[in-house]
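Student: the following comprises the amino acid sequence and a computationally predicted model.
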Amino acid sequence: MTDTNLVRFRAAVAGALAHLESRREEVNDLNVFPVADGDTGDNMALTLRAVLTELDRLQGSNEARTIDEIGREEIVQSVARAALLGARGNSGVILSQLIRGAAEELVSRPGELIDATLIGAALANAADRAYSSVREPAEGTILTVAREMAHQIVTDLAHSPESPRLDPDAEPRLQDAAIAAALERAVTTGQESVKRGPELLAALRDAGVVDAGGYGLTIIFAGVVAALRGDDPPELDHYAPARISHPEHHSSTYRFCTNFAVTGTELSSGRFIAPLEQLGDSVLVVGDTTTLKVHVHTDEPERATAVFAQAGEVSRLDVADMRLQVSEREQRLRDDGADAEGRGVDGSPPAQAGRASVDGPRVRCGAVAVVSGDGLAAMFEQLDVHTIDGGPTLNPSTYDLLAAIHEVQAEEVVVLPNSANVIMAAEHAAELSDKQVLVALTTSQQAGLTAAVALESDRTVEENARALDQALAHLRTGAVAQAARDDAQGRFGRGEAVGFVADEVVAWGDPRETLRAVLTTLADGAELISVLAGQDAPLEPGDVAELINGGVELELHDGGQPAYWWLLAAE
């Protein structure tokens, strides 16, 4: 295994990932089975990205050993483990098992040159491994496509008039050409298998789509062929999105797609399946005696992880809110025009298509904000901050927050809790997440907005933390709310206005005069005051503008928050 060979292997994986990324949203839009959550392309891409990261680690960690000394066995085992740990969702876990099955075959034949014969055997073992990982395999899915692609390679080799084996000293270009030719035939067969999927699976037929995972697999192999040849990938058909009125199901019973790893000794996947099935469905437990990857749809992620409390260490917990994913997917398809309008006669997307993913392109550092109010949510989203509805009391659960962290298309995330009551839950979610997460100490929504303005997606989370601290250091906040009860000290009665600067009550009584008092206090030394009006604010914007003198710039916005008439921030 020379350095050149490892570089070529990495190029093949990179080609697969690049081609999948180019069609990732198309794969997402086909996703209806087993849940129409629209993330098959995302999950398969994350699995491949984990493999690529591991190859980069191997290339960068050879100070003490040469690539020859690392050897094929360590490389393929490292790649298989990386795929396992990086997998998310049904499609990602199944793809990791395909990779693992292929790796097992490659390791079992030390010294053999990787050619079409070995590729065929590896893909056949990959299909067997993937089938065995699924409790109730469904035909018409990625499983069928993988099996039929492998069968095509084996059949071609059996009917080849010449020996398909390459000499051990074959030049790299001949090896690449032989593998590419075998895989191209497999891709053609895979595409036909994808088209037959709706005949085998009613959920696909009812939704008018092919299987997203199977289609994604053909894209991956087409990308490998392109990398081996240094040319464009084999052509694949495009497919229109699913009819949103016919998803397989909305997982109305179970909300969270939960994924995590377990490391220990003498682990056995079979003994954990029954306890997990009591908590949810779509259960997958795969791996070996030292490392397992677990996938389950459940309402109780904490109980799912507790199943393994005595077995080993739980890590890499990732929780996705499937109800939110289904809702966003359906809205996206409505916005894009899910019917054939604007598409080619073959169902291909129009030339100007190529939209980003649900939450935009992947960035280095993203953000999540807990919000209450449509106007505030829109303001955060304009700043490219993913929002989670905290309700009138801003009180999401740890797993609501963990699911929101999952939704952000970045591996580093800043959480803006926007309430002192949310910080502890946010910190717990940060500990559980497999991403690098910073919980900002924003205790109000207006402080969260100031922090969001300071964030930059191309910075690290640590760099954003410093920028956020600087922004908050020059901020004072205030609020005016309607009293929910009589004051114990007799200052105000239920229904009257109460004004705050930070957490201190500074005025009460009439709404106009209370707001004036808060504005006057905040204006001392301020250059800009932002006022966010709530749902039932008793003054019009023009009336609010009259309450401040001309020495301070005033910005008025409709926040729509239910709990406060006005939220204020002075900078």
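Tutor: Received the coordinates, thanks.
Student: and the helices in the stretch 351-500 of the chain?
Tutor: When secondary structure is read from DSSP state H, counting those that start in this stretch, the stretch 351-500 of the chain shows helices at 374-382, 398-407, 423-432, 445-454, 461-473.
Student: dump those helices into TSV; add distance to E184 and mean pLDDT as well.
Tutor: For every residue, glycine as well, the C-beta is placed using N, CA and C. Shown next, in TSV, are those (distance: least, C-beta to C-beta, whole Å; pLDDT from 0 to 100):
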stretch	distance to E184	mean pLDDT
helix 374-382	43	94
helix 398-407	36	85
helix 423-432	43	87
helix 445-454	48	94
helix 461-473	43	92
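Student: lowest confidence element among the helices and strands of the chain?
Tutor: The least trusted helix or strand in the chain, going by mean pLDDT, DSSP states H and E, turns out to be helix 322-336, with a mean of 71.
Student: for N31, give its distance to V194.
Tutor: The spacing between N31 and V194, counted by C-beta to C-beta, to the nearest Å, is 14 Å.
Student: pick out whichever of the two has more residues nearby.
Tutor: Applying other C-beta atoms under 10 Å to N31 and V194 shows that N31 carries more neighbours, namely 33 against 29.
Student: surely L522 is in contact with L528?
Tutor: No: applying C-beta atoms under 8 Å as the test, L522 and L528 come out as separate, 10.3 Å apart.
Student: in JSON lines: the helices of the stretch 351-500 of the chain, plus mean neighbour count and distance to V134.
Tutor: JSON lines is the format used below for the helices of the stretch 351-500 of the chain (neighbours: other C-beta atoms under 10 Å; distance: least, C-beta to C-beta, whole Å):
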{"stretch": "helix 374-382", "mean neighbour count": "18", "distance to V134": "37"}
{"stretch": "helix 398-407", "mean neighbour count": "25", "distance to V134": "23"}
{"stretch": "helix 423-432", "mean neighbour count": "19", "distance to V134": "26"}
{"stretch": "helix 445-454", "mean neighbour count": "24", "distance to V134": "42"}
{"stretch": "helix 461-473", "mean neighbour count": "16", "distance to V134": "36"}
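Student: A227: which of those helices is closest?
Tutor: The closest of the helices of the stretch 351-500 of the chain to A227 is helix 398-407. By C-beta to C-beta, the value is 29.9 Å.
Student: mind giving me the packing neighbours of that closest one?
Tutor: The contact analysis (3 or more C-beta pairs under 8 Å, 6 or more residues apart in numbering; DSSP states H and E) places helix 398-407 against helix 301-306, strand 312-321, helix 322-336, strand 365-371, strand 386-389, strand 412-416, helix 423-432.
Student: again, only using 7 Å
Tutor: strand 312-321, strand 386-389, strand 412-416, helix 423-432 (3 or more C-beta pairs under 7 Å, 6 or more residues apart in numbering; DSSP states H and E).
Student: of all those, which lies closest to A484?
Tutor: Going by C-beta to C-beta, the one of these nearest A484 is strand 386-389, 21.2 Å.
Student: partner strands of the closest one, parallel or antiparallel?
Tutor: Strand 386-389 pairs in its sheet with strand 365-371 (parallel), by DSSP bridges.
Student: number of nearby residues for T253?
Tutor: Counted with other C-beta under 10 Å, residues neighbouring T253 total 11.
Student: which secondary structure element is home to it?
Tutor: T253 is part of no helix or strand when elements are defined by DSSP states H and E.
Student: so, low pLDDT: which residues of the stretch 101-250 of the chain?
Tutor: The stretch 101-250 of the chain contains residues with pLDDT under 70 at 163-164, 242-250.
Student: give me the more crowded residue out of L522 and L528.
Tutor: Neighbours around L522 and L528, counted as other C-beta under 10 Å, are more numerous at L522. The numbers are 23 against 11.
Student: quick one, what contacts the more buried one?
Tutor: 476, 478, 501, 529, 568, 570 (C-beta atoms under 7 Å, 6 or more residues apart in numbering).
Student: next: G312.
Tutor: Each residue near G312 by C-beta under 7 Å, 6+ apart is listed here: 262-264, 267.
Student: the helices and strands packed on helix 398-407 into TSV, with extra columns for distance to T117?
Tutor: Formatted as TSV, the helices and strands packed on helix 398-407 follow (distance: least, C-beta to C-beta, whole Å):
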stretch	distance to T117
strand 312-321	36
strand 386-389	48
strand 412-416	44
helix 423-432	45
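Student: and of those, who's closest to R72?
Tutor: R72 lies closest to strand 312-321 among the helices and strands packed on helix 398-407, at 26.5 Å (C-beta to C-beta).
Student: how about that closest one: buried residues?
Tutor: Residues of strand 312-321 classed as buried by neighbour count (16 or more other C-beta atoms under 10 Å): 312, 314, 316-321.
Student: for stretch 138-145, same thing?
Tutor: Going by neighbour count (16+ other C-beta under 10 Å), the buried part of stretch 138-145 is 138, 140-145.
Student: max-length helix in this protein?
Tutor: helix 172-200 (DSSP state H).
Student: heading C-terminal from that helix, find the next helix or strand.
Tutor: Sequence-wise, the next helix or strand downstream of helix 172-200 (DSSP H and E) is helix 202-207.
Student: list the buried residues in that next one.
Tutor: Neighbour-count burial for helix 202-207 [16+ other C-beta under 10 Å]: 203-204, 206-207.
Student: now find how far off-centre the next helix or strand after that helix is within its chain.
Tutor: For helix 202-207, the succeeding helix or strand toward the C-terminus, using DSSP H and E, is helix 212-229. Relative to the centre of its chain, helix 212-229 is centred 21 Å away, using C-alpha atoms, centre = their mean, to the nearest Å.
Student: just the C-alphas of the helix or strand following helix 212-229, formatted as PDB.
Tutor: As assigned by DSSP H and E, the chain's next helix or strand after helix 212-229 is strand 256-264. Coordinates of the C-alpha atoms in strand 256-264 are reproduced here as PDB (Å, rounded to 0.1, in the frame of the first residue of the first chain):
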ATOM      1  CA  PHE A 256     -37.000  11.900  17.700                       C
ATOM      2  CA  CYS A 257     -34.600  10.100  15.400                       C
ATOM      3  CA  THR A 258     -31.900   9.100  18.000                       C
ATOM      4  CA  ASN A 259     -28.400   8.000  17.100                       C
ATOM      5  CA  PHE A 260     -25.500   7.300  19.500                       C
ATOM      6  CA  ALA A 261     -22.400   5.100  19.900                       C
ATOM      7  CA  VAL A 262     -21.600   2.700  22.600                       C
ATOM      8  CA  THR A 263     -18.100   1.600  23.400                       C
ATOM      9  CA  GLY A 264     -17.200  -1.300  25.800                       C
END
